[in-house]
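>>> coordinates only, sequence not included:
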């Protein structure tokens, strides 16, 4: 009888152990709605590395549409169906209030605590905050960059303008001189057609002059003296002929094209313009561009760039949230961001990677814009954005 009791106790101890093991080895499939694969297949490399560590978790990569607006619509339709087909997904920098207010994603306060957030650029964290909660983990960032012609400033004995007033005066002097020589030249350009590029340019003008669109309580404050003053200066520059005549129809490609032809003194563009500008087959200004922060306005303390970038959101109806979080943390790790930086020139959301020598060797430009990224701000956070 004694032996029987001992045997039963022994079996009782073994059953939970075997049960736990069976549960751990059960394969779970996750659906990740993401960007299309890059040329270097970096996402697939990261999934393969993850699978070595978690062989029981299979990640299905499902490509979203190329256009950001189409991405948003596709995700909203799929998530509102409530069928749990999406576990986690890539989210644009303006989407946290949209998905959070509709109760389509999970808050990540416990899974992404404040001590971990300190490792990320401040703007990337601010963009994911809404109603006192954090909703996404950033993996890639972006910001508006102020480009200038180093050779022209040197030729005319001018400094890099720190204010919009200095920019106006410097641009006016150089443009007049260059046109006298018979050269087509304009002082400034940005993406000003009626789309998201215009929004990014406009909020940078407002912020640089101490203005904003929404205050801390979410009230609309766009009609402020600071914003009117900033727009008045931009209009003055336009009336002076410093902007190209067709700038109100310009997207990013139009702005870059004008600069790369050598017909522009100053340009507001995204970081990708730098690499393109260094290609002698596409650019006549190779080695001639410098970068700086957005100039400050008369009533502002400093310039601020509009933040871009992407993060991962956890779907509310995911049936495998624990497993999804494992991959989300893996994909937002230093390892994964470093791989994307070297393979695809993605700007990492983690601060430490801007001192990584492997990344800087592949992308020397990153070291030139760390201050810009540290001070970039997210666009107005509203579910009605």
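Great, that's in hand. No experiment lies behind these values; they were computed from the predicted model shown.

>>> Write down the beta-bridge partners of residue 309, one by one.
Taking DSSP bridges as the rule, residue 309 bridges to residue 141.

>>> got the contact list for it?
Residues in contact with residue 309, defined by Cβ atoms under 8 Å, 6 or more residues apart in numbering, are 93, 124, 127, 138, 140, 141, 142, 347, 349. From N, CA and C alone the C-beta is placed, and that goes for glycine too.

>>> Check residue 188 too.
167, 171, 237, 242, 243, 264, 265, 266, 267, 268.

>>> which one of the residues you listed is nearest residue 279?
residue 267 (16.1 Å; Cβ to Cβ).

>>> Residue 97 and residue 383: what is the separation?
Distance of residue 97 to residue 383, given as Cβ to Cβ, to the nearest Å: 4 Å.

>>> more crowded one of the two?
Per other Cβ atoms under 10 Å, whichever of residue 97 and residue 383 has more neighbours is residue 97, with 20 against 15.

>>> end to end, how far does stretch 142-158 reach?
29 Å (Cα to Cα, to the nearest Å).

>>> can you check stretch 285-304 too?
Stretch 285-304 has an end-to-end distance of 26 Å (Cα to Cα).

>>> same check, this time on stretch 183-202
End-to-end distance for stretch 183-202: 29 Å, by Cα to Cα.

>>> buried sites along it?
Judged by neighbour count (16 or more other Cβ atoms under 10 Å), stretch 183-202 contains these buried residues: 185-192, 196-202.

>>> re the thing from before, of the contacts of residue 309 - the most surrounded one?
In terms of neighbour count, residue 127 stands highest of these at 31 neighbours, by other Cβ under 10 Å.

>>> about what we covered before: narrow the buried residues of stretch 183-202 to those in helices?
In this view, those that belong to helices under DSSP state H are 196, 197, 198, 199, 200, 201, 202.

>>> In the stretch 1-150 of the chain, mark out all the helices, start to finish.
Assigned by DSSP state H, counting those that start in this stretch, the helices in the stretch 1-150 of the chain fall at 2-25, 42-53, 68-80, 96-101, 114-117, 122-126, 150-155.

>>> who touches the fourth one?
With contact meaning Cβ under 8 Å, 6+ apart, helix 96-101 is reached by 72, 75-76, 79, 91, 105, 107, 127-131, 133, 135-136, 311, 313, 381-383, 385.

>>> distance of the residue nearest the centre of the chain from residue 124?
Nearest to the mean C-alpha position of the chain, counting by Cα atoms, centre = their mean, stands residue 309 at 1.5 Å. Going from residue 309 to residue 124 by Cβ to Cβ gives 6 Å.

>>> what residues do the two have in common as contacts?
Shared contacts of residue 309 and residue 124, counting by Cβ under 8 Å, 6+ apart, come down to 93, 138, 141, 349.

>>> just for the protein, where's the confidence low?
Low-confidence segments of the chain, defined by pLDDT under 70: 1-25.

>>> how does it look with 90?
Within the chain, the ranges that satisfy pLDDT under 90 run 1-26, 37-40, 67, 83, 216-217, 384-385.

>>> related to what we said a few turns ago, in ChimeraX, how would I select the buried members of the contacts of helix 96-101?
What follows is the ChimeraX syntax for the buried subset of the contacts of helix 96-101, where burial is set by 16+ other Cβ under 10 Å:
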select :72,75,79,91,105,107,127,128,129,130,135,136,311,313,381
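
>>> What lies in contact with stretch 168-186?
152-153, 156, 158-159, 161, 187-188, 233, 236-237, 240-244, 258, 263-266.

>>> Sorry, slip of the keys, the one I care about is stretch 124-137.
91, 93-94, 96-97, 99-101, 105-109, 112, 117, 138, 141, 307, 309, 311-313, 328-329, 332, 349, 377-379, 381.

>>> Ends of it, what's the gap?
9 Å.

>>> got it, and stretch 119-127?
15 Å.

>>> one step back: mind putting the ones in helices among the buried residues of stretch 183-202 in JSON lines, distance to residue 337 included?
Conversion of these to JSON lines gives the following (distance: Cβ to Cβ, whole Å):
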{"residue": "196", "distance to residue 337": "24"}
{"residue": "197", "distance to residue 337": "26"}
{"residue": "198", "distance to residue 337": "30"}
{"residue": "199", "distance to residue 337": "27"}
{"residue": "200", "distance to residue 337": "23"}
{"residue": "201", "distance to residue 337": "28"}
{"residue": "202", "distance to residue 337": "30"}
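
>>> of those, closest to residue 322?
residue 196 (35.2 Å).

>>> re the thing from before, now the shared contacts of residue 309 and residue 124 as CSV including distance to residue 282?
Formatted as CSV, the shared contacts of residue 309 and residue 124 follow (distance: Cβ to Cβ, whole Å):
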residue, distance to residue 282
93, 28
138, 30
141, 25
349, 29
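
>>> of those, closest to residue 28?
residue 138 (24.9 Å).

>>> Wait, that closest one touches residue 307, no?
No - with contacts counted by Cβ atoms under 8 Å, residue 138 stays clear of residue 307, the gap being 9.8 Å.

>>> any idea whether residue 298 is helix, strand or coil?
Assigned state for residue 298: coil (three-state reduction, DSSP: H, G, I helix; E, B strand; the rest coil).

>>> I'd say it and residue 164 touch.
Yes - Residue 298 is within contact range of residue 164, at 7.4 Å (criterion: Cβ under 8 Å).

>>> Find residues that contact each of these two.
Jointly contacting residue 298 and residue 164 under the rule Cβ under 8 Å, 6+ apart are 209, 233.

>>> Give me the more crowded residue out of the two.
Neighbours around residue 298 and residue 164, counted as other Cβ under 10 Å, are more numerous at residue 164. The numbers are 25 against 14.
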